[in-house]
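In: Next come a sequence and a model predicted from it.
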Amino acid sequence: MKPLTTMAVGAVVLALGYGAADAQNGRIKQDRQDVRQDRQDLHQDNRNIRQDRRDLTGDRRELARDQRAGRTGQVKQDRADIRSDKRDLRSDVRDRRDDRRDLQSDRRDLRAAQDVKRDRQDVRQDRRDIHQDNRDIRQDRRDLAGDRRELAQDERGGRTAQVKQDRADIRSDKRDLRTDVQDRRDDRRDLRQDQRDLARDQRSQ
């Protein structure tokens with residue numbers, strides 16, 4: 001692949017990544033707004049229910065007074081008011097139940113969107129870690145090659161003490177290389193796991 005083509009592909013991938021992140025942030029913002037609206041609706045439902053119950057209690061007291069006073073026409077109106085109060089109360093209780101269900105659903109959506117955002121951040125971090133591991137491994141190999149050259153030169157020059165030090169440096173280089181290779185293997189495993197988590201959370205949205 002030509003360098004310009006590689007750069008163009010990289011730019012497209014980066015742009016797509018930012019686009020997905022922006023879309024996810026927009027979704028999280030919308031979900032949060034939905035949750036706030038649901039809470040406001042529930043708060044209003046509770047106020048309405050309390051008012052309905054006050055109205056019902058007041059109309060029942062009116063009915064009792066009118067019955068004691070023998071006001072037949074008013075008793076009939078009081079009973080109609082009580083039936084209306086009960087309908088209003090049932091309607092508002094239903095609204096509150098629906099709004100609670102909406103709140104639960106919007107909270108699930110928000111958690112899912114936040115999980116996806118977190119998964120994407122984890123995947124990006126894993127890729128950065130692997131990139132750093134690759135740099136470390138390349139440097140370890142350069143150090144190892146350099147120390148081996150130093151060893152060969154010191155062996156040819158008969159520098160016994162330096163040969164001993166070169167061999168110690170080579171052993172250290174090999175340990176560093178093994179450690180960095182292990183780190184890269186672990187980071188690759190983390191990346192695969194985070195990619196699976198991302199795919200799962202995206203499917204659950």
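Out: Done, it's in.

In: drop to CA atoms for contacts and neighbour counts, all remaining ones
Out: Will do.

In: which residues of this structure score low on pLDDT?
Out: 1-21, 23-24, 205 (pLDDT under 70).

In: The residue of the chain most remote from its centre and residue 63, how far apart?
Out: Ranked by distance from the centre of the chain (C-alpha atoms, centre = their mean), the top residue is residue 70, with 66.4 Å. Shown here: residue 70 relative to residue 63, a distance of 10 Å by C-alpha to C-alpha, to the nearest Å.

In: got it, and residue 204?
Out: 55 Å.

In: neighbour-wise, which of those two wins?
Out: A count of neighbours by other C-alpha atoms under 10 Å puts residue 63 above the other of residue 204 and residue 63, at 22 against 12.

In: Residue 127 contacts residue 191, doesn't it?
Out: Yes: using C-alpha atoms under 8 Å as the test, residue 127 is close enough to residue 191 to be in contact (7.0 Å).

In: and residue 183, how many neighbours does it have?
Out: 19.

In: Compare residue 127 and residue 191 (neighbour count), which wins?
Out: Using other C-alpha under 10 Å as the criterion, residue 127 and residue 191 rank with residue 191 on top: 20 against 16.

In: where's the residue lying closest to the more buried one once chain neighbours are set aside, which helix or strand?
Out: Among residues not flanking residue 191 along the chain, residue 126 sits closest, at 5.4 Å (C-alpha to C-alpha, 6 or more residues apart in numbering). Taking DSSP states H and E as the criterion, residue 126 maps to helix 72-157.

In: what's the offset of the following helix or strand past that helix from the middle of its chain?
Out: On the C-terminal side of helix 72-157, the closest following helix or strand by DSSP H and E is helix 160-204. Taking the mean of its C-alpha atoms, helix 160-204 sits 28 Å from the chain's own mean (C-alpha atoms, centre = their mean, to the nearest Å).
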